[in-house]
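A.B. asks: this is a predicted model, with the sequence first.
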Amino acid sequence: MSTNQPLNAGGGHIAWVDFLRILACFLVVLAHCCDPFVGSFDGSFDFKSGVFIGSLVRPCVPLFAMISGVLLFPVTMEMGAFYSRRLKRILIPLVVWSLALPLFYFLYFAAGVQTASPNIVMDTYTWSATVDKLYTFIFNFNYDTTPLWYVYMLVGLYLFMPIMSAWLTQAKRKDVKIFLGIWIFSMVLPYVQMLAPTLGYEGNYGNMGILGICDWNPYGMFYNFAGFMGYMVLAHYLMKYPLDWNWKKTLSITLPLFLVGFAITFFGFLETQKHFPGQYSKLEILWYFSGINVFMMTFAIFAIVSKLRIKTSPALSRIAALTFGVYLCHFFFVQCAYDAIDFLGWTGLPACVKIPLMACLASAVSLFLVWLLNLNRWTRKSIM
């Protein structure tokens, strides 16, 4: 996710980018509201509702990556200046929320709040466990800071962007298309690895990786073409060479693309759950952000939203500017919203109602908190 404001060549805001940021942010919140229901793995209607909505919103994070590609490519400043400007704007929030979220959770449960969420293990919310979280974030995120996985990854993207930008600046259109073609092909490889054992593949020294991946090498043949950088390059390509499609052609291509991608994601998850019940390592393959099915859905949404004629609005721009902060803090308020529904006696509501309700509550509270933090120049550094 980029913290830059989307500006067009005339200095005004690109309204559809503002709208896309808000949409992507709400989809992230909606995705995390599905977790307690998906985490039951009981095959119930609520479980399937969580899988349905969770599958529907998988383009959320790839859309943020594409927005970064729109706003930051090409990199026009020197590498050192770019690193200094970009990294300090995300490393400070990373540290602040890596400390704040575990403390929020500790105080929340220490106050005696009871939760029925299958994702919560109360033994991990003792003071000693919380203290561990306050320094181990230098190695990786934890459950309390789940959304911050993207911020770690974003740092890596920023480090590589000046290098990729130098190539994009001089690359011919056909060269970029070749890169994108290889990137799209790499999105199929998780499914190839999944199916390989059925064709007799037994792995290499116990490691089930393919195409050169083994215990001493995690970097497979297409490693350098895989991941979120492809979404950034794709967004840059689509801005430099816009799709010359009318609305009829746009919808006739993007709607079937989205529906096919969603069908693979949703039904594939349910089918995988039958064979590998409750095994996140297997189930997440269908939800990979860099899987071909999620790419199909992401491209469809980006292509449609980029054609919308949305008028620039100060309110739209202000909310869009706060989305990074909402992303950083919303996960805790998703937990609060889940428990609030139980507290209010709405446990009988189906998950297909609870999930959007939770998302609206968590988004509203998160936005209010981020708005408050934005009022002070010191606290503002924690959200943008």
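C.D. replies: Okay, I see it.
A.B. asks: name the residues of the helix ranked longest in the chain that come out as buried.
C.D. replies: Longest helix of the chain, by residue count under DSSP state H: helix 79-110. Using 16 or more other CB atoms under 10 Å as the test for burial, helix 79-110 gives 82-83, 86, 89-90, 93-94, 96-98, 100-102, 104-106, 108-109. The way it works is simple: take the backbone N, C-alpha and C, and place the C-beta from them, glycine included.
A.B. asks: show me what it is packed up against.
C.D. replies: Contacts defined by 3 or more CB pairs under 8 Å, 6 or more residues apart in numbering; DSSP states H and E place helix 79-110 against helix 127-136, helix 149-170, helix 323-343.
A.B. asks: let's test this: mean pLDDT of the last one, rounded?
C.D. replies: Helix 323-343 carries an average pLDDT of 94.
A.B. asks: right, and the helix or strand after it?
C.D. replies: Downstream of helix 323-343, the first helix or strand assigned by DSSP states H and E is helix 351-374.
A.B. asks: same check on the longest one?
C.D. replies: In the C-terminal direction, the helix or strand that comes right after helix 149-170 (DSSP H and E) is helix 173-186.
A.B. asks: buried set for that following helix?
C.D. replies: For helix 173-186, using 16+ other CB under 10 Å, the buried residues are 176, 179, 183-184, 186.
A.B. asks: so where's the stretch 1-150 of the chain uncertain?
C.D. replies: Filtered on pLDDT under 70, the stretch 1-150 of the chain yields the residue ranges 1-13.
A.B. asks: Asp18 and Ser317 touch, don't they?
C.D. replies: Yes - between Asp18 and Ser317 there is a contact at 5.4 Å, judged by CB atoms under 8 Å.
A.B. asks: these two: which is more packed in?
C.D. replies: Set Asp18 next to Ser317 and count neighbours by other CB atoms under 10 Å: Asp18 wins out with 24 against 19.
A.B. asks: distance between the strand or helix carrying the more buried one and the chain's centre?
C.D. replies: According to DSSP H and E, Asp18 maps onto helix 15-33. Centre-to-centre, helix 15-33 and its host chain are 10 Å apart (CA atoms, centre = their mean, to the nearest Å).
A.B. asks: so that helix versus helix 351-374, what angle?
C.D. replies: 120 degrees (axes from the mean of the first three to the mean of the last three CA atoms, to 10 degrees).
A.B. asks: now do helix 15-33: which elements does it pack against?
C.D. replies: Going by 3+ CB pairs under 8 Å, 6+ apart, helix 15-33 lies up against helix 45-56, helix 60-72, helix 292-305, helix 314-321, helix 323-343, helix 351-374.
A.B. asks: how distant is stretch 159-169 from the center of its chain?
C.D. replies: Centroid separation between stretch 159-169 and its chain, computed with CA atoms, centre = their mean, is 22 Å.
A.B. asks: list the buried residues for it?
C.D. replies: Applying 16+ other CB under 10 Å to stretch 159-169 flags 161-162, 164-165, 168 as buried.
A.B. asks: please apply the same query to stretch 60-77.
C.D. replies: Neighbour counts over stretch 60-77 (16+ other CB under 10 Å) mark 60-73, 75 as buried.
A.B. asks: then stretch 219-239?
C.D. replies: Buried residues in stretch 219-239, counted by 16+ other CB under 10 Å: 220, 222, 225-239.
A.B. asks: just those residues: which are in helices?
C.D. replies: The helices in this structure, assigned by DSSP H, contain 229-239 from the buried residues of stretch 219-239.
A.B. asks: pipe these into TSV and attach distance to Asn374 per row.
C.D. replies: Conversion of these to TSV gives the following (distance: CB to CB, whole Å):
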residue	distance to Asn374
Met229	30
Gly230	32
Tyr231	28
Met232	26
Val233	32
Leu234	31
Ala235	26
His236	29
Tyr237	33
Leu238	31
Met239	28
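A.B. asks: residue nearest the centroid of this protein?
C.D. replies: The residue lying closest to the centre of the chain (CA atoms, centre = their mean) is Val61, at 2.5 Å.
A.B. asks: my guess is that one contacts Val28. True?
C.D. replies: Yes - counting by CB under 8 Å, Val61 does reach Val28; the two are 6.7 Å apart.
A.B. asks: just the angle for the longest helix of the chain relative to helix 127-136, thanks.
C.D. replies: Helix 79-110 runs at 170 degrees relative to helix 127-136, counting by the same axes, to 10 degrees.
A.B. asks: check the offset of helix 79-110 from the chain's centre.
C.D. replies: Distance, centroid of helix 79-110 to centroid of chain: 17 Å (CA atoms, centre = their mean).
A.B. asks: run through the residues that contact the residue nearest to the centre of the chain.
C.D. replies: Shown in contact with Val61 (CB atoms under 8 Å, 6 or more residues apart in numbering): 24, 28, 150, 228, 289.
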